[in-house]
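S.K.: Fold the stuff below for me.
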Amino acid sequence: MSCEQDLMSTTCIPPDLVLAYRQTDFHVYGDQPTVLRVDLVNDVLLAIHRSHGASGSAFITAFNPYSRALSEQENVQRQAALAQELQERGVHFVEGCGQHASNQWPGEPSYLVIGLSLEDAQALGQRLEQNAILWSGADAVPKLVLLR
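M.R.: Now for the predicted structure:
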């Protein structure tokens, strides 16, 4: 697989997959439900950050490493292990789901992890073998962060 370079980064992720990530709706459930979209400020996310005294958050999943479809059982086990790890870390997280509006890829259960630094979010995403994560700083503008 060849790597391509754009203005923001060099990546080995196919351009059509990066575009699909950018077009995905990242649904956050819980007490303050919202839909995160890449590069669009989200006032509900800003309120979530403020209510937790957090300067950022990450939207992350353990499903389908490197966008390879796994069985439902494997994905559920991976996601449960992620939830256990987040509980052990003592971080606040809210269930969510990343779902592209029009393609056939099934929605992926995810978590909005509040208070996770960009560096910790990247490390976690890489360990979970994800192509990308969504990370938002204090400005509550979700950014697509490519991991490979």
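
S.K.: List the contacts of the residue lying closest to Thr34 once chain neighbours are set aside.
M.R.: Closest residue to Thr34 apart from its sequence neighbours, by CB to CB, 6 or more residues apart in numbering: Val44 at 3.7 Å. (Each C-beta comes from the backbone N, C-alpha and C, glycine too.) Counting by CB atoms under 8 Å, 6 or more residues apart in numbering, Val44 touches 28, 32-34.

S.K.: What's the PyMOL syntax to select whichever of the residues you listed are buried?
M.R.: Restricted to buried positions by 16 or more other CB atoms under 10 Å, the PyMOL selection for the contacts of Val44 reads:
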select buried, resi 28+34
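
S.K.: and the contacts of Val44, which two are the farthest apart?
M.R.: Val28 and Gln32 (7.4 Å; CB to CB).

S.K.: hey, what's in contact with both of the two?
M.R.: If you check Val28 and Gln32 against CB under 8 Å, 6+ apart, the residues they both contact are 44, 48.

S.K.: Run a quick check on Leu70 versus Thr61, I expect a contact.
M.R.: No - between Leu70 and Thr61 there is no contact, the gap being 11.5 Å when judged by CB atoms under 8 Å.

S.K.: Relative to the whole chain's centre, how far out is the helix ranked longest in the chain?
M.R.: For the chain, the longest helix by residue count, based on DSSP state H, is helix 72-89. On the basis of CA atoms, centre = their mean, to the nearest Å, helix 72-89 sits 14 Å off its chain's mean C-alpha point.

S.K.: Can you name the residues in contact with that helix?
M.R.: 60-65, 70, 93, 108-109, 111, 113, 128.

S.K.: Top of those residues by number of neighbours, please.
M.R.: Ala62 (27 neighbours; other CB atoms under 10 Å).

S.K.: Checking that residue next. Helix, strand or coil?
M.R.: coil (DSSP: H, G, I helix; E, B strand; the rest coil).

S.K.: What sits closest to it if chain neighbours are left out?
M.R.: Arg78 (3.8 Å).

S.K.: Neighbours of the one you found, how many?
M.R.: Neighbour number of Arg78 under other CB under 10 Å is 18.

S.K.: and if you look at Ser102?
M.R.: A total of 6 residues lie near Ser102 under the criterion other CB under 10 Å.
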